[in-house]
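# Fold the following and give me the result.
(one chain, ligands or ions: 3)
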Amino acid sequence: MKIFQKGFNYSQDGDGNRLVYHMQGCNLKCPWCANPEGMQCKGTIVSDPEWILESICPHGAISGTKVDRTICVGCKNHECITEHDTKGMYLSYQNYTVDEIVEEVLNNEMMFYDGGGVTFTGGEVTMQFEELLESLKKLKEHRINTAIETNGTHIRTEELFPYVDQLIMDCKLCDPVKHQKYTGGANEEIMKNIRKAAKEHPYFHVRVPLIGGVNNATEDLEAFVRFFKEINGDNVTFEVLSYHEFGKKKWEECGWKYRMTKDAYVDQELVKQFRQMIKDAGLKYKKT
Ligand SMILES: C[S@@+](CC[C@H](N)C(=O)[O-])C[C@H]1O[C@@H](n2cnc3c(N)ncnc32)[C@H](O)[C@@H]1O
Ligand code: SF4
Ligand code: SF4
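Ligands and ions are numbered 1, 2, ... in the order given. So this is what the prediction gives:
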């Protein structure tokens, strides 16, 4: 499995203390993504200006702390990572076998005393579907609590349901045209998966990342609430996240321009109002 980040998180990506694995690759392209180094399935060469050295590039792409990515485009051997092992330039992910993940989790089992467990997130977990399914099955054999965070696009998502204790899915936009425009992908399968999960999964958490200029118009908020009322059940909880720009530096370190502006920040009053709209509609709000 290609994992680009891992570590413990308390009650953020599921309940309790969680060992969180970030899986490489995503099929959407949200320009606000906080984990851009996880977006490309083939991985990305990330630079860290604090540690970078000109001497690791034989093609003159590194000058001071800057990398000229136009030179990297034509690079075949990627000597900066194949011949050098530095913190200055590195491949975004590391490979693990399913058994290595399971063994690592079992070695850390004592950390899950408070109801915690393992969370797979991304990137998009379903891009490595078979490995994800196998890991979840093995972890359930060991009675480990499992959670996934997914963008909901995969047509086989429901096959994961029996092996996931906490299913967390984003609903980024209800409007299909806007969804395509802002994320680069269709929301038809997502809406289907949200409906299915609300009917079938015992612990289903829906999250809306509220992004200024993308999904914070009154019509968007009303559409969310209408849809959520339609799918609501005792097993379903909802949450609103507000835009942050924690990923900005990483976009630059991947050699990409960060295109979000300050307009993407949402007024906290609006966030409060939207949360209240959800509660007023009789939906269960849950903060993770
Ligand atoms: C990095 S995503 C990975 C899971 C999955 N790909 C998805 O989009 O749901 C994890 C969570 O972070 C949220 N997120 C990503 N970038 C964000 C940002 N700039 N501000 C607020 N939330 C963000 C996503 O909406 C999602 O709920
Ligand atoms: S990928 Fe690495 S070795 Fe190749 S041009 Fe870029 S910095 Fe140099
Ligand atoms: S779907 Fe998730 S991981 Fe993929 S680009 Fe959007 S926020 Fe990032």
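# for Tyr10, phi and psi?
Backbone torsions for Tyr10, taken as degrees, to the nearest 10, come to phi -100, psi 120.
# tell me the strands in the stretch 1-150 of the chain, going along the chain?
Along the stretch 1-150 of the chain, the segments classed as strands by DSSP state E, counting those that start in this stretch run 2-10, 17-23, 45-47, 62-63, 66-67, 89-91, 94-95, 117-122, 146-150.
# Buried ones in stretch 64-82, by neighbour count?
Neighbour-count burial for stretch 64-82, with 16 or more other C-beta atoms under 10 Å as criterion, is recorded at Val67, Cys72, Cys80, Ile81. Backbone N, C-alpha and C define where each C-beta goes, glycine included.
# Report the entries of the residues you listed that also contact ligand 2.
Val67, Cys72, Cys80 (C-beta under 6 Å from any ligand atom).
# will you turn these into a markdown table that also has distance to Arg18?
Below are these laid out as a markdown table (distance: C-beta to C-beta, whole Å):
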| residue | distance to Arg18 |
| --- | --- |
| Val67 | 34 |
| Cys72 | 35 |
| Cys80 | 33 |
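# and the one residue sitting closest to the centre of the chain, how far is that from Glu149?
Central residue check for the chain by C-alpha atoms, centre = their mean: the C-alpha nearest the mean position is that of Gly122, 3.8 Å away. Gly122 sits at a distance of 7 Å from Glu149 (criterion: C-beta to C-beta, to the nearest Å).
# wait, what's in contact with the residue in the stretch 1-150 of the chain that ligand 1 sits nearest to?
Going by C-beta to the nearest ligand atom, ligand 1 is nearest to Ala34 of the stretch 1-150 of the chain, at 3.6 Å. Applying C-beta atoms under 8 Å, 6 or more residues apart in numbering to Ala34 gives the contacts His244, Phe246, Gly247, Lys250.
# what sits against the last one?
I take that to be Lys250. Lys250 touches Ala34, Asn35, Pro36, Glu37, Val46, counting by C-beta under 8 Å, 6+ apart.
# Apply 6 Å and report the result again.
Pro36, Glu37 (C-beta atoms under 6 Å, 6 or more residues apart in numbering).
# pLDDT (mean, whole number) over the host helix or strand of it?
Here Lys250 sits within helix 248-253, counting by DSSP states H and E. Across helix 248-253, the average pLDDT comes to 97.
# Show me what counts as buried in stretch 247-254.
Buried, per 16+ other C-beta under 10 Å, within stretch 247-254: Gly247, Lys250, Trp251, Glu253, Cys254.
# mind pulling up the phi and psi values for the nearest residue to Asn232 once chain neighbours are set aside?
Nearest non-adjacent residue to Asn232, counting by C-beta to C-beta, 6 or more residues apart in numbering: Leu283, 5.6 Å away. With angles defined as degrees, to the nearest 10, Leu283 sits at phi -100, psi 150.
# contacting residues for Leu283?
Leu283 makes contact with Phe228, Asn232, Phe238, according to C-beta under 6 Å, 6+ apart.
# of those residues, buried ones?
Phe228, Asn232, Phe238.
# So which of those belong to strands?
When the buried ones among the contacts of Leu283 are checked against strands (DSSP state E), the matches are Phe238.
# Of the buried ones among the contacts of Leu283, just say which sits nearest to ligand 1.
The shortest approach to ligand 1 among those belongs to Phe238, at 12.2 Å (C-beta to the nearest ligand atom).
# Kindly state the pLDDT recorded for Asn35?
Asn35 is given a pLDDT of 97.
# ok, how many other residues are close to Lys287?
Applying other C-beta atoms under 10 Å, we find 10 residues neighbouring Lys287.
# Tell me the secondary structure of it, please.
On the three-state scheme (DSSP: H, G, I helix; E, B strand; the rest coil), Lys287 is labelled coil.
# Can you tell me the closest non-neighbouring residue to Lys229?
Ala281 (5.3 Å).
# contacting residues for whatever residue of the stretch 151-288 of the chain ends up closest to ligand 3?
Ranked by C-beta to the nearest ligand atom, the top residue of the stretch 151-288 of the chain for proximity to ligand 3 is Asn151, at 3.8 Å. By C-beta under 6 Å, 6+ apart, the contact set of Asn151 is Leu28, Glu124, Asp170.
# Go again with 10 Å.
For Asn151, the contact set (C-beta atoms under 10 Å, 6 or more residues apart in numbering) comprises 26-28, 30, 122-127, 157, 169-172, 183, 185, 187, 189-190, 193.
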